[in-house]
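Colleague: Requesting a structural model of the entry that follows:
(one chain, ligands or ions: 2)
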Amino acid sequence: MAAIKQITSETICKILDWKSVISAVEEAMVNVSEKRAVQNVRSVTQIPKTDNILFAMPGYVNTDKSTALGCKLVTLFPSNAQKNLPSILANILLFNENTGALEVIMDGTEITAWRTAAASVVATKYIRDVNSQNKTLAIIGAGTQAKIHAIAFQQQFKFVKVHVWNRTHEKAEMLCKELQCQSTLHGTIEEYIPFQNVEECVKEADVIVTTTSATTPLIHHKWVKPGVHINGKLWTKSSKNNNRTNSDKNHKLDLITKLGNSYFSK
Ligand SMILES: NC(=O)C1=CN([C@@H]2O[C@H](COP(=O)(O)OP(=O)(O)OC[C@H]3O[C@@H](n4cnc5c(N)ncnc54)[C@H](O)[C@@H]3O)[C@@H](O)[C@H]2O)C=CC1
Ligand SMILES: O=C(O)C1=NCCCC1
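Modeller: Numbering: from 1, shown residues only. Ligands and ions are numbered 1, 2, ... in the order given. Have a look, this model is predicted:
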């Protein structure tokens, strides 16, 4: 049996670039839709009496360009934040499609983070008229997904303002400072603004990304502009809270399009 190849996070980080990742994610979505890829529903193993979860995410793709059989194994340990570790850690296993032998184990944490933001970019690209309308992006949260969404969205769309709200305001301030420094270094002119209040953060937004682990809604539909595009990035035990927005009988959020985890309201 051939030796199993191991690809570390250092190597993965050197390889990833936004143009390739966004185009690969878009291609993967098309392959799933056109049945060139098999993507079964992930299995969820929760460790009893904890919030800790192991997800198994298998997949197979067969196109003119490539064939691959793989499985991503992801852990979600929410209390890792207090240990200075990412709450989501992932590894990806690739198998020989003729023999089933394991050939590659690669770090999947960065790939998962980039893939998730790239999926939001693709959804936003198709649902919004990105060039003429997207002036303000609002990000709810200031963790891993908040930062990577800010980077991916600015790479693709160049919003003039990026608003950030987080439960702990200092973290929103820190993220804005970090992103502002990076944009200054790159000579771009966008403004990163931390908000104390969620309503103020989202009310002018053309696109919203929710990136928290909150289990109750944080945004009320009455606060958002007509036509706003909302990307909901999350995992909860209760799928009914999955878009982290609120609506009631009199003011219904009208979901006219759903693509992956993304919603558009009119
Ligand atoms: N990191 C990744 O690669 C992926 C993450 N996700 C999902 O995205 C969401 C965020 O993940 P990460 O950014 O990795 O986590 P993180 O641990 O880096 O950040 C979590 C964020 O949620 C906020 N938060 C937690 N509980 C809250 C509450 N009750 N109310 C308001 N805010 C609260 C924190 O302040 C922080 O901003 C999670 O639901 C996760 O399952 C989904 C796919 C991939
Ligand atoms: O890879 C993904 O997609 C994940 N979604 C929810 C949390 C675990 C990873």
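Colleague: separation between Gln156 and Ile111?
Modeller: According to Cβ to Cβ, to the nearest Å, Gln156 and Ile111 sit 18 Å apart. Where you see a C-beta, it was placed from the backbone N, CA and C, and this is true even at glycine.
Colleague: just checking, Trp223 touches Asn197?
Modeller: No. If you go by Cβ atoms under 8 Å, Trp223 and Asn197 don't touch, sitting 9.9 Å apart.
Colleague: Neighbour count: those two, which is higher?
Modeller: Set Trp223 next to Asn197 and count neighbours by other Cβ atoms under 10 Å: Trp223 wins out with 18 against 11.
Colleague: element containing Val61, please.
Modeller: Assigned by DSSP states H and E, Val61 belongs to strand 53-62.
Colleague: Can you name every helix or strand that the helix or strand just after that strand contacts?
Modeller: Next helix or strand after strand 53-62 toward the C-terminus (DSSP H and E): strand 67-76. The contact analysis (3 or more Cβ pairs under 8 Å, 6 or more residues apart in numbering; DSSP states H and E) places strand 67-76 against strand 53-62, strand 88-95.
Colleague: okay, the angle between the next helix or strand after the last one and strand 67-76?
Modeller: In this case it means strand 88-95. Counting by DSSP H and E, the next helix or strand C-terminal to strand 88-95 is strand 102-107. Orientation note: strand 102-107 sits at an angle of 40 degrees relative to strand 67-76 (axes from the mean of the first three to the mean of the last three Cα atoms, to 10 degrees).
Colleague: which residues sit against strand 102-107?
Modeller: 2, 4-9, 12, 90-96 (Cβ atoms under 8 Å, 6 or more residues apart in numbering).
Colleague: Could you do stretch 171-181 as well?
Modeller: 142-143, 146-147, 150-151, 162, 164-166, 191-195.
Colleague: try it again with 6 Å
Modeller: Here stretch 171-181 makes contact (Cβ atoms under 6 Å, 6 or more residues apart in numbering) with Ala142, Ala150, Val164, Asn166, Tyr192, Pro194.
Colleague: same deal with stretch 187-202?
Modeller: Contacts of stretch 187-202 (Cβ under 6 Å, 6+ apart): 138, 160-165, 169, 172-173, 176, 179-180, 183, 208, 218-219, 223-224.
Colleague: Out of those, which end up buried?
Modeller: For the contacts of stretch 187-202, a burial check counting by 16 or more other Cβ atoms under 10 Å picks out 138, 162-165, 172-173, 176, 179, 183, 208, 218-219, 223-224.
Colleague: for the residues you listed, which one is nearest ligand 1?
Modeller: Using Cβ to the nearest ligand atom, Leu218 comes nearest to ligand 1 of those, at 6.0 Å.
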